[in-house]
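[1] need a 3D model of the sequence below.
(one chain, ligands or ions: 1)
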Amino acid sequence: MPVERPRTVRFLFEGREITATEGQSLGGALLGSGVTVLTRSSKYRRPRGLYCAHGHCPNCLLHVDGAANVRACMVEVAEGMRAGRQGSASRNVDPFRSLNQVGRLFPVGFQYRLFKRQNLAWRAWEAQLRRLAADTDVPASFDIPAGERTAADLLVVGAGPAGLAAAAAAAQRGLRVVLVGRRRGLGGAAAAVLAAGTRPAGLASVASAVAEAANVTVIAPATVVAGFGDKYVVDGVDRAIEVTAGASILATGAYERAVPFPGNDRPGVMLTSALRRLVLADGILTSASVVLVTDNDSAYAMADELSHSGVRIRAIVDTRSGSSLQVPPAPPGAEVLLGARIIGVRGRSRVTGLAVATAGSTRIFQADVIGMSGGWQPADELRYSATSTGTTVVIGERAMRIDASAWRSAPLPVLQGVGAAVGTLNLAGALAEGRLAGTWAGVRGTGPAETAAMADAIRELPSDPGENAHGR
Ligand code: FES
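    So this is what the prediction gives:
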């Protein structure tokens, strides 16, 4: 049988032709071709590169095929695509870049409103501030997207493990499900794992169940931006969709947090989860030399995964200390520095190394990438901003066990939170919670059948969920 080779795609970046692999993100393809700076900070014009690789920051906003402010990490390359930097990053000469050299005259907390005391000076400065802040070329006119309406029995927000499990369980019970995901394709942040072909048990099966179910409508890439009672507003990039659903499940995942240290905004310093996505899903940085900085155990699991993909983990700088501290094993060849911190980053438009303070001395490491892992934060904004007239149920593992009887009689519309969005940071737990929430949506009000189905689903919750973020 002939070996299937990945297809190549050619696109233009500021007039330069770049060859990428089909399915790569635009940001990943650019970084793989040596483009490290995508944007500049609005105040000091400091260079910015890929940081989260998951659509949560302003670091990768580009012009793509005539549209402004497109997140390069969230779109796939396409044949003939035209992309370019915008604002200050696109200009060879930008006098405001010198502000970075005199930045210490404007320390954190510097109050521009002090200028307001001087009328004339303020008016001159205000005009500059406006230009600095709105540093992009927004098209003079743009089309208002077409509006659509759709109805379903269940809306699932998030196409990661918990969302997929919920959609699959509800669809199996005959519900009409609308599943909204931020990326094209299924898997959410765990799509990198699916793409790498490692396919942890359970994840691949729910992904195929959803893909094959005739009663699941997948809207992706799209973002649910608001919820009012049983109505949700979905931004579908080129269309706006109103989804009406009596029940909804929020499986919106979690953000990895940064670690504070001087120079942590330099291109090449990124979240460890971003590095993981770029390596596993985009196939770049696979032989990079990396130092991770962390204050939690999840970085060790990701280090192990990265190391298996060829990444050279030079060191793990763990800011924690204490005689009782026990950390997971690090990949072979990686030094673990406990109670250490990064005190400087080398390189201007890309990282070349870093300085680490440890046990009274300073160590210098060469590195192409610094991965930060400051723990995880639920991406639960929608849960708090949606104005539900019914009941909100959190099916976090702890809450689940406490509230098992209370939520069964909850009035509609019901909004359930599952997976990393409620703090469950492991694949088995997220799948089980999603399955439970989807099952409940499907059997609610069926009396004895409901009780039996729920008892089964509850039994599947892991007894010891653990704390790792593996599979995310
Ligand atoms: S949004 Fe693309 S790197 Fe953060």
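[2] from here on, just use CA atoms for contacts and neighbour counts.
    Will do.
[3] quick one: mean pLDDT over stretch 50-64.
    Mean per-residue pLDDT for stretch 50-64: 94.
[4] an error on my part: the question was meant for stretch 425-437.
    85.
[5] pretty sure Glu242 sits against Ala146.
    No - using Cα atoms under 8 Å, Glu242 is not in contact with Ala146; the gap is 11.2 Å.
[6] which one's more surrounded, these two?
    Counted by other Cα atoms under 10 Å, Glu242 and Ala146 do not tie: Glu242 has more neighbours, with 18 against 10.
[7] mind listing what's buried in the host helix or strand of the more buried one?
    In this structure, Glu242 is located in strand 239-250 according to DSSP states H and E. Neighbour-count burial for strand 239-250, with 16 or more other Cα atoms under 10 Å as criterion, is recorded at Ala240, Ile241, Glu242, Val243, Thr244, Ala245, Gly246, Ala247, Ser248, Ile249, Leu250.
[8] up against the ligand, what does the stretch 151-300 of the chain have?
    Proximity of the stretch 151-300 of the chain to the ligand (Cα under 6 Å from any ligand atom) involves no residue at all.
[9] in the stretch 151-300 of the chain, what residue comes closest to the ligand?
    Going by Cα to the nearest ligand atom, the ligand is nearest to Ala274 of the stretch 151-300 of the chain, at 7.8 Å.
[10] from the contact counts, what lies against the helix or strand hosting that residue?
    When secondary structure is defined using DSSP H and E, the element that contains Ala274 is helix 272-280. In this structure, helix 272-280 makes packing contacts with helix 191-196, helix 298-308, strand 369-373, judged by 3 or more Cα pairs under 8 Å, 6 or more residues apart in numbering; DSSP states H and E.
[11] what angle sits between the last one and helix 298-308?
    Translated: strand 369-373. Computed by axes from the mean of the first three to the mean of the last three Cα atoms, to 10 degrees, the angle separating strand 369-373 from helix 298-308 equals 150 degrees.
[12] right, is stretch 70-81 up against the ligand?
    Yes - between stretch 70-81 and the ligand, judged by Cα under 6 Å from any ligand atom, the touching residues are Arg71, Ala72, Cys73.
[13] would you list these in a markdown table and tack on secondary structure and pLDDT?
    Converted to a markdown table, the residues of stretch 70-81 next to the ligand look like this (DSSP: H, G, I helix; E, B strand; the rest coil; pLDDT from 0 to 100):
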| residue | secondary structure | pLDDT |
| --- | --- | --- |
| Arg71 | strand | 94 |
| Ala72 | coil | 97 |
| Cys73 | coil | 95 |
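[14] so which of these wins on neighbours?
    Neighbour tally across those (other Cα under 10 Å): the maximum, 29 neighbours, falls on Cys73.
[15] give me the nearest residue to that residue, chain neighbours excluded.
    Closest residue to Cys73 apart from its sequence neighbours, by Cα to Cα, 6 or more residues apart in numbering: Gly27 at 4.7 Å.
[16] need the three-state assignment for that neighbour.
    For Gly27, the secondary-structure state derived from DSSP: H, G, I helix; E, B strand; the rest coil is helix.
[17] wouldn't it be in contact with Ala72 here?
    Yes - under the contact definition of Cα under 8 Å, Gly27 touches Ala72, with a separation of 4.6 Å.
[18] direction included, what does the strand holding Glu242 pair against?
    Within its sheet, strand 239-250 is paired with strand 146-157 (parallel), strand 231-235 (antiparallel), strand 414-417 (parallel), according to DSSP bridges.
[19] dump that strand to PDB, restricted to CA.
    Once side chains and other backbone atoms are set aside, the C-alpha atoms of strand 239-250 remain, and they are given as PDB (Å, rounded to 0.1, in the frame of the first residue of the first chain):
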ATOM      1  CA  ARG A 239     -22.100  34.200  10.600                       C
ATOM      2  CA  ALA A 240     -24.000  34.800  13.900                       C
ATOM      3  CA  ILE A 241     -26.200  31.900  15.100                       C
ATOM      4  CA  GLU A 242     -28.800  31.900  17.800                       C
ATOM      5  CA  VAL A 243     -29.200  28.500  19.400                       C
ATOM      6  CA  THR A 244     -32.200  27.700  21.500                       C
ATOM      7  CA  ALA A 245     -31.800  24.800  23.800                       C
ATOM      8  CA  GLY A 246     -33.600  23.700  27.000                       C
ATOM      9  CA  ALA A 247     -30.400  22.300  28.500                       C
ATOM     10  CA  SER A 248     -26.700  23.200  28.000                       C
ATOM     11  CA  ILE A 249     -23.400  21.800  29.100                       C
ATOM     12  CA  LEU A 250     -20.400  24.000  29.500                       C
END
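[20] many thanks, we can stop here.
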